[in-house]
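[1] model the following, please.
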Amino acid sequence: MRITCVGGGPAGLYFATLAKLANPEHEVTVLERNPSGVTWGWGVVFWDDLLDDLFTYDPVSAQRIWDAAYKWDEYEVRATGKPDTHLAGYGFSMGRHRLLEILGERAAEVGVRVSYSDELTDPADLPPADLIVACDGARSRIREQHAEHFGAEVEIARNKYIWLGTPKVFDTFTFGFEKTEAGWVWFHAYPFNGTTSTFIVECTPATWAALEFGSLSAEAGCARLQSIFAAHLDGSPLVDHRAEVGGTGWLNFRRVTAQRWDHGNVVLMGDSAHTTHFAIGSGTKLALQDAMALADAIAAGDDLPVALERYEHRRKAALAPLQRAARASSAWFERMPEYAELPARRFSYALSNRRGEYPTWRYLLHLSTQSTIPRALLRWTLSARRSSRARRRETTDSVAAARAIPHTA
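    Predicted coordinates for the structure are as follows:
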């Protein structure tokens, strides 16, 4: 089968690798518009469930991702006028650049042809292929070429946000809320290597307008944010990559939902099919899991229309609860000023429970683990759980390496 993936992000590179591993006779090509080593964005986050899947599908790239991942073991919540509090949980993060490097190298190792600096100005110019995988992002040109068929709906979220980086390395995943004369401004920050953290800033449109971010250059906007968050940055700068090409990186989140994911031999994957708000940190995870599901469907040996229908059905079912969670989470941040006057522990619990799913005992656990000794015990327990899970993966790698595609859904 001749397979062309349009877009060399995590979804495209990972699916290309899995397709080639499943059948070395496939001719698999990835077309990426950026030069090799060039990407927008800072870090990405993920959790154990994704690592388990990665080790099942390709232990080689999974081990490289695990080795490169930055491990953190709780969430910290800071807010003007309140003592710092902490939330239970642990996760992993890594630079988007490093993730793409790992996936690109692995794709090349198994025989995928990755064509960089390959700008697709007109989808009609694609070379002939049995399967075209559109993984070209939320503004997918291929999806828009068949807009009426795919039925994509785009909903614009209310809040303004900007994706920045900083050489300030936070100890763990940190939420910081600062009250300004114009209203509340907050950040989601996490380390992704030993020298850099992602730093996403968000606020309501009224606060954004009052602080005049719409009329400031990228440099001036970063300077204003550095002043607002000075207590958290310890003198480190904030960096907006878009300043290098002019303009500013302030955006409104675009929630994309495609009604149909396939059209003939064309199928959508990752952000071209769906987007989920950054407040739940699952965009990369969902894109990679799309790639796994599509690889399974193709490897099953059914006719292409049947395979693509199976893939779409499986992924839509898996996405539904996460999409609901993402909506609830983004809605909480749109209402954030309503919670601002809560006492510190109730405020951080409201942030943690923004999906509204926790039983009462979680609140009691949250209260009890704000003091030093119970908090240390909880962190130790979670760390031990992470280590145990990692050892379990290592003992099953040899079995997974034998390749089991198609996997059972």
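
[2] beta partners of residue 160?
    Under DSSP bridges, the beta-bridge partners of residue 160 are residue 203, residue 252.

[3] check contacts around it.
    When contacts are counted by C-beta atoms under 8 Å, 6 or more residues apart in numbering, residue 160 touches 202-205, 208, 213, 250-252. The C-beta positions use only the backbone N, C-alpha and C, and glycine is treated the same way.

[4] for the stretch 1-150 of the chain, what spans make up the strands?
    2-6, 27-31, 43-46, 70-72, 75-79, 85-87, 91-95, 113-115, 131-134 (DSSP state E, counting those that start in this stretch).

[5] and of these, who's closest to residue 273?
    Smallest distance to residue 273 across the strands of the stretch 1-150 of the chain (C-beta to C-beta): 8.2 Å, for strand 131-134.

[6] tell me which of the strands of the stretch 1-150 of the chain sits most buried.
    Sort the strands of the stretch 1-150 of the chain by mean neighbour count, taking mean count of other C-beta atoms under 10 Å, and strand 131-134 sits at the top with a mean of 26.

[7] quote the end-to-end distance of stretch 84-92.
    The straight-line separation of the ends of stretch 84-92 (C-alpha to C-alpha, to the nearest Å) is 22 Å.

[8] what residues does it touch?
    Outside stretch 84-92, the residues that touch it by C-beta under 8 Å, 6+ apart are 45-47, 51, 69-78, 173, 281, 344-345, 347-348, 351-352, 365-366, 369-370, 375, 378, 382-383, 386.

[9] swap the cut-off to 7 Å and go again
    45-47, 69-78, 173, 344-345, 348, 352, 369-370, 375, 378, 382, 386 (C-beta atoms under 7 Å, 6 or more residues apart in numbering).

[10] reformat the strands of the stretch 1-150 of the chain as a markdown table; add mean pLDDT and distance to residue 58.
    Below are these laid out as a markdown table (pLDDT from 0 to 100; distance: least, C-beta to C-beta, whole Å):
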| stretch | mean pLDDT | distance to residue 58 |
| --- | --- | --- |
| strand 2-6 | 96 | 16 |
| strand 27-31 | 96 | 14 |
| strand 43-46 | 94 | 15 |
| strand 70-72 | 93 | 21 |
| strand 75-79 | 97 | 30 |
| strand 85-87 | 96 | 32 |
| strand 91-95 | 94 | 16 |
| strand 113-115 | 95 | 16 |
| strand 131-134 | 96 | 17 |
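
[11] tabulate the ones you listed (TSV), appending distance to residue 226.
    Below are the strands of the stretch 1-150 of the chain laid out as TSV (distance: least, C-beta to C-beta, whole Å):
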stretch	distance to residue 226
strand 2-6	38
strand 27-31	38
strand 43-46	19
strand 70-72	23
strand 75-79	16
strand 85-87	24
strand 91-95	22
strand 113-115	38
strand 131-134	39
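
[12] residue 190 is nearest to which of the ones you listed?
    Closest to residue 190 of the strands of the stretch 1-150 of the chain is strand 91-95 (C-beta to C-beta; 5.1 Å).

[13] from the chain's centroid, how far away is that closest one?
    What separates the centre of strand 91-95 from the centre of its chain is 10 Å, taken as C-alpha atoms, centre = their mean, to the nearest Å.

[14] got the angle between that strand and strand 75-79?
    80 degrees (axes from the mean of the first three to the mean of the last three C-alpha atoms, to 10 degrees).

[15] pull up the pairing partners for strand 91-95, direction included.
    If you go by DSSP bridges, strand 91-95 pairs up with strand 43-46 (antiparallel), strand 70-72 (antiparallel).

[16] any idea which of those gets closest to residue 392?
    Among these, if distance is taken as C-beta to C-beta, the winner is strand 70-72, at 16.5 Å.

[17] rounded mean pLDDT for whichever helix or strand residue 164 is part of, please.
    Per DSSP states H and E, residue 164 falls inside strand 152-166. Averaged over strand 152-166, pLDDT sits at 94.

[18] now that strand: buried residues?
    Neighbour-count burial for strand 152-166 flags 152, 157, 159-166 (criterion: 16 or more other C-beta atoms under 10 Å).

[19] what is the subsequent helix or strand relative to that strand?
    Immediately after strand 152-166, counting by DSSP H and E, sits strand 173-180.

[20] which neighbouring elements make contact with that following strand?
    Packing contacts for strand 173-180, counted by 3 or more C-beta pairs under 7 Å, 6 or more residues apart in numbering; DSSP states H and E, involve strand 75-79, strand 183-191.

[21] identify, from the buried residues of strand 152-166, the entry nearest to residue 394.
    Closest to residue 394 out of the buried residues of strand 152-166 is residue 165 (32.3 Å), distances taken as C-beta to C-beta.

[22] the closest one and residue 42 touch, don't they?
    Yes. Contact criterion C-beta atoms under 7 Å: residue 165 and residue 42 qualify, at 4.4 Å.

[23] quickly list what's touching both of those two.
    The overlap between the contact sets of residue 165 and residue 42 (C-beta under 7 Å, 6+ apart) consists of residue 198.

[24] now find how far off-centre whatever helix or strand residue 207 lives in is within its chain.
    Residue 207 belongs to helix 205-210 when assigned by DSSP H and E. Relative to its parent chain, helix 205-210 has a centroid offset of 26 Å by C-alpha atoms, centre = their mean.

[25] if anything else comes up later, I'll come back, but that's it for now.
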